[in-house]
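Asks: need a 3D model of the following:
(one chain, ligands or ions: 2)
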Amino acid sequence: MRVILQSPASVVRSTLQDGVQLVSIHNPPVNALGAAVRQGLMAAIAQAEADAHVKAVLIVGDGRAFIAGADIREFGKPPVAPALPEVCQRIESCSKPVVAAIHGAALGGGLEVALSAHYRLALPSAQLGLPEVLLGLLPGSGGTQRAPRLMGVKAATELMLSGKHLNAQAALAAGLVDVVVEGDDPVAAGLAYVRELLARQAPVRPTSAQAGRLADKAAAQAELDVLRADTAKAARGLFSPLKIIDCVQAALDLPFDQGMQFERAQFLACLESPQRAGLIHAFFAEREVAKVPEAKAAVPRPITSIAVIGGGTMGAGITVSALDAGLPVTMIERDAESIARGRAHVEKVYDALVAKGRMAPEAKAATMARYTGSTRYEDIGSADLVIEAVFEDIEVKKAVFRELDRGCKPGAVLATNTSYLDIDAIAAATARPQDVIGLHFFSPANIMKLLEIVVPARVSADVVATAFELAKRLKKVPVRAGVCDGFIGNRILAVYKQAADYLMEDGASPYEIDAAVRGFGYPMGPFQVTDLAGGDIGWATRKRRAATRDPKARYVEIADRICERGWFGQKTGRGFYLYPEGARVGQPDPEVQAIVDAERARKGVVPRPFSADEIMRRYMAAMVNEGAKVVAEGIALRPLDVDVTFLSGYGFPRFRGGPMKWADMQGLDKVLADIREFAQDDPLFWKPAALLEQLVAEGRNFDSLNQPA
Ligand code: 3HC
Ligand code: NAI
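Replies: Ligands and ions are numbered 1, 2, ... in the order given. The predicted structure is shown next:
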């Protein structure tokens, strides 16, 4: 073996092994295709062309991946040559056979590099995909032109529209790779394959030169027409999916070079779009949230068994989530009847999967074997972590925590799933407040990704670190929150929900507000959400808070009037909407509109019309203003923690990046000007956050607070 080339930063290294130039990429953690890698690949191919000893080229990735794609951190910055399409072109036009041996991720530009090679081998760990759509992009280095030639229009377009990964066998079946080889060493497997190819004098085989699975043009066009129609319906305001379809159309209609030019133009248009900025912010923010001081400073406690107190909606969902992660769970309820109901709640989730054919009955039995129901706290004496999910009542919770303090082993982590209550007070009910933390799951807890990790004053750092470790095991997105009424998410929700109520009393119907919010990209509007969750929940909270409400603050009674009639939403067949015969989608209700009219008349409000744009300006201004207060108070560590909370727990449209990113993209001065304008009518509600005023005065944005100190 002879080292023949090292790129300047040594991220691409070439060695010569028996006539094979082994090109190895060393750019941890995932071999992203930054400028140095692109330059190194160009130089490596030039070297292969120039060196008469080289008979073939083998490209591999060092470490855990082949190549995970373009370096996403470079997007939005000035481009550095060579561009990736040039690199791919150089690889494909090499006069000697080029082989890619893939292990781990070969995604986006990484797969495009592999598709430019003449032959592809995959190891069992390989994950192949073109997930650019998830970042508001499309494959911009020939993926839209080469993948359809290899896989056919339908499979290739579905791969690009879904962003899903294929494993090695699926990639083989789809035509993306030529061979799958057992083992975990891409160099050994790759070299053996190259030798075999050389022995049979396999020729260079550029994908661009073959029509491949596009040869039957009429069939391909028919497939694409169906996909275009489906995508137009499903894209919901997203920019890049239809552009992917256009690029595949170009692959069908145009010679390869022109198809590449078309793809490039579409890629650049996507790169410029605010959706790309929003989605890439979301990608990094979801990874940054786990980087909290306690997780860096402390070692998590080991968790091998979990107990859940309460088998209601949340207790059952949390139990399923933990069982799905492979943990044994003991559930505690008040009495035999309640624990039977708790178990039934858990089984119902698995029964539904079995009925849909998504779980084998044996797998259900194996999972349920890790579940134990009990009514005795003695049975959780050895649990490493306990999650309490009983009624939302501070006295009930304190009583449970006193029991836990008595019965749990020293060092057990004691968590509460409370939505609003003071966790410092709950911790103070025990003699071990250093072990008490908030784990705020969202309903349904086995599905929703968000987990607010609520950090009370006296908890120790290793308990916080344990909670973040648990989130990883449960495949949740953890966000660190401080103690206050509603933590990050529900506290901000309460404020923008109030803005929606004011809009309703001032002239917009609940249906107009919901439609405006959906138009912004949410799957549902706030009144639809109330109907889904049950209007009685918010009603109980409003009653609880009535005594402490500022008498000068504006209060809208419309929702109370609706609840007083027993209209709690979907479960009662009507709420803000009508749900005849159990319909899931509600219809506007003239009687609700009459209640709204009557309340306006009672208060002497003369209704005025609001456009969708005006509705959203108020809705978002309320959200951003409270978000700024939450950051300033340290309830959220950074603006990005607010963004991730709303993206993962509240249906905020991902392509807008989260409320704080949205505000940055609007311009904070504009958002502040809106708040000041609205304050003219209601200065108490629309009090600008000091942080927002400060950032505007300094010409800074929220993102400037996201940077690590
Ligand atoms: N560019 C830059 N950094 C990247 C990256 C990329 N393409 N992919 C991952 N990273 C970084 C992450 O930010 C993270 O950094 P951190 O440790 O500082 O937080 C680190 O690599 C590890 O990533 P994960 O924590 O996500 O590790 P996992 O093992 O859970 O997942 C992965 C690995 C499946 C590769 C996942 O990171 C992933 O899906 N990455 C994005 C892949 C992608 O979208 N590629 C397409 C890019 S666009 C493109 O290629 C355009 C082209 O067509 C022109
Ligand atoms: P639920 O009413 O469905 O379930 C509560 C369960 O706790 C009941 O089964 C009850 O029998 C049991 N229980 C009561 N006292 C108990 C005790 N002393 N020992 C053992 N079990 C006891 O309530 P839900 O909706 O599951 O809420 C539970 C907690 O989760 C509350 O704190 C709530 O605020 C919180 N939460 C609820 C969300 C939701 O959407 N429902 C979302 C996030 C948090």
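
Asks: next up, the contacts around the closest residue to residue 335 other than its chain neighbours.
Replies: With Cβ to Cβ, 6 or more residues apart in numbering as the criterion, residue 335 has its nearest non-adjacent residue at 6.0 Å, and that residue is residue 375. From N, CA and C alone the C-beta is placed, and that goes for glycine too. Shown in contact with residue 375 (Cβ atoms under 8 Å, 6 or more residues apart in numbering): 332, 333, 334, 335, 336, 338, 339.

Asks: which of these are close to ligand 2?
Replies: Among those, the residues within reach of ligand 2 (Cβ under 6 Å from any ligand atom) are 332, 333, 334, 338.

Asks: these, buried ones only, as a PyMOL selection?
Replies: Command for PyMOL, covering only those of the ones next to ligand 2 among the contacts of residue 375 found buried under the criterion 16 or more other Cβ atoms under 10 Å:
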select buried, resi 332+333+338
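
Asks: which one of the ones next to ligand 2 among the contacts of residue 375 is nearest residue 460?
Replies: residue 332 (24.5 Å; Cβ to Cβ).

Asks: one step back: could you list which of the contacts of residue 375 belong to strands?
Replies: residue 332 (DSSP state E).

Asks: shouldn't residue 446 be in contact with residue 349?
Replies: Yes - between residue 446 and residue 349 a contact is recorded at 6.3 Å, counting by Cβ atoms under 8 Å.

Asks: so for these two, which sits in the more crowded spot?
Replies: Neighbour count, other Cβ atoms under 10 Å: between residue 446 and residue 349, residue 349 has more, with 21 against 18.

Asks: for residue 619, see how far away the more buried one is.
Replies: 34 Å (Cβ to Cβ, to the nearest Å).

Asks: now the residue nearest to residue 118 when sequence neighbours are not counted. Its backbone dihedrals?
Replies: Nearest residue to residue 118, sequence neighbours excluded (Cβ to Cβ, 6+ apart): residue 205, at 4.2 Å. The phi/psi pair for residue 205 (degrees, to the nearest 10) reads phi -140, psi 70.

Asks: next one: residue 425
Replies: Dihedral angles (degrees, to the nearest 10) for residue 425: phi -70, psi -40.

Asks: can you pull the contacts of it?
Replies: 394, 398.

Asks: any idea how far residue 508 is from residue 605?
Replies: Applying Cβ to Cβ to residue 605 and residue 508 gives a distance of 12 Å.

Asks: repeat for residue 141
Replies: Counting by Cβ to Cβ, the gap from residue 141 to residue 508 is 47 Å.

Asks: more crowded one of those two?
Replies: For residue 141 versus residue 508, neighbours defined as other Cβ under 10 Å are more numerous around residue 141 (30 against 25).

Asks: so the more buried one sits in a helix?
Replies: No - Residue 141 is assigned coil when assessed by DSSP: H, G, I helix; E, B strand; the rest coil, not a helix.

Asks: that one against residue 91, yeah?
Replies: No - look at residue 141 against residue 91 with Cβ under 8 Å: they stay out of range, at 10.2 Å.

Asks: where do the contact lists of those two overlap?
Replies: 113, 116.

Asks: how about the contacts made by whichever residue of the stretch 151-300 of the chain sits closest to ligand 2?
Replies: Nearest to ligand 2, among the residues of the stretch 151-300 of the chain, is residue 289, at 18.6 Å (Cβ to the nearest ligand atom). Under the criterion of Cβ under 8 Å, 6+ apart, the contact list for residue 289 reads 477, 478, 479, 480, 640, 641, 644.

Asks: for this protein, give me the ranges with low pLDDT.
Replies: Applying pLDDT under 70 to the chain flags residues 1, 7-9, 709.

Asks: residue 339 is in contact with residue 312, correct?
Replies: No - the criterion here is Cβ under 8 Å, and residue 312 misses it with residue 339 at 11.5 Å.

Asks: the two - which one has more neighbours?
Replies: residue 339 (18 against 15).

Asks: hang on, residue 114 packs against residue 106?
Replies: Yes - under the criterion of Cβ under 8 Å, residue 114 makes contact with residue 106 at 5.3 Å.

Asks: joint contacts of those two?
Replies: What both residue 114 and residue 106 touch, as defined by Cβ under 8 Å, 6+ apart, is the set 66, 67, 100, 128.

Asks: who are the packing partners of the helix or strand where the last one lies?
Replies: It stands for residue 128. Per DSSP states H and E, residue 128 falls inside strand 127-129. Judged by 3 or more Cβ pairs under 8 Å, 6 or more residues apart in numbering; DSSP states H and E, strand 127-129 is in contact with strand 105-107, helix 109-116, strand 166-167.

Asks: and these, which is most packed in?
Replies: helix 109-116 (a mean of 30; mean count of other Cβ atoms under 10 Å).

Asks: neighbouring contacts of it?
Replies: Looking at what lies outside helix 109-116 - Cβ under 8 Å, 6+ apart - the contacts are 31, 33, 41, 59, 61, 65-70, 84, 87-89, 91-92, 98, 100, 102, 106, 120, 128-130, 139-143, 146-147, 150, 176, 207.

Asks: also stretch 325-337?
Replies: By Cβ under 8 Å, 6+ apart, the residues outside stretch 325-337 that reach it are 303-311, 315-316, 319, 322-323, 339, 341-343, 346, 370-377, 379-380, 383, 473-475.

Asks: buried residues in it?
Replies: Buried residues in stretch 325-337 (16+ other Cβ under 10 Å): 325, 327, 329, 330, 331, 332, 333.

Asks: within reach of ligand 1, which of these are there?
Replies: Of these, not one also sits near ligand 1 (Cβ under 6 Å from any ligand atom).

Asks: what about whatever residue of the stretch 351-500 of the chain ends up closest to ligand 1, which SS state?
Replies: Ranking the residues of the stretch 351-500 of the chain by distance to ligand 1 (Cβ to the nearest ligand atom) places residue 472 first, at 9.6 Å. With three-state DSSP as the basis, residue 472 sits in helix.

Asks: near ligand 2, which residues of the stretch 201-350 of the chain are found?
Replies: Contact residues (Cβ under 6 Å from any ligand atom) of the stretch 201-350 of the chain with ligand 2: 309, 310, 311, 312, 313, 314, 315, 332, 333, 334, 338.

Asks: helix/strand/coil for the third one?
Replies: Classification of residue 311 using three-state DSSP returns coil.

Asks: does anything pack onto the helix or strand harbouring residue 414? Which helices or strands?
Replies: Assessed by DSSP H and E, residue 414 sits inside strand 413-416. Judged by 3+ Cβ pairs under 8 Å, 6+ apart, strand 413-416 is in contact with strand 385-388, helix 394-407, strand 436-441, helix 461-473.

Asks: go again with 7 Å.
Replies: Packing partners of strand 413-416 (3 or more Cβ pairs under 7 Å, 6 or more residues apart in numbering; DSSP states H and E): strand 385-388, helix 394-407, strand 436-441.

Asks: can I get those in a markdown table with mean neighbour count and distance to ligand 2?
Replies: What follows is those, written out as a markdown table (neighbours: other Cβ atoms under 10 Å; distance: least, Cβ to the nearest ligand atom, whole Å):
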| stretch | mean neighbour count | distance to ligand 2 |
| --- | --- | --- |
| strand 385-388 | 26 | 8 |
| helix 394-407 | 17 | 5 |
| strand 436-441 | 25 | 6 |
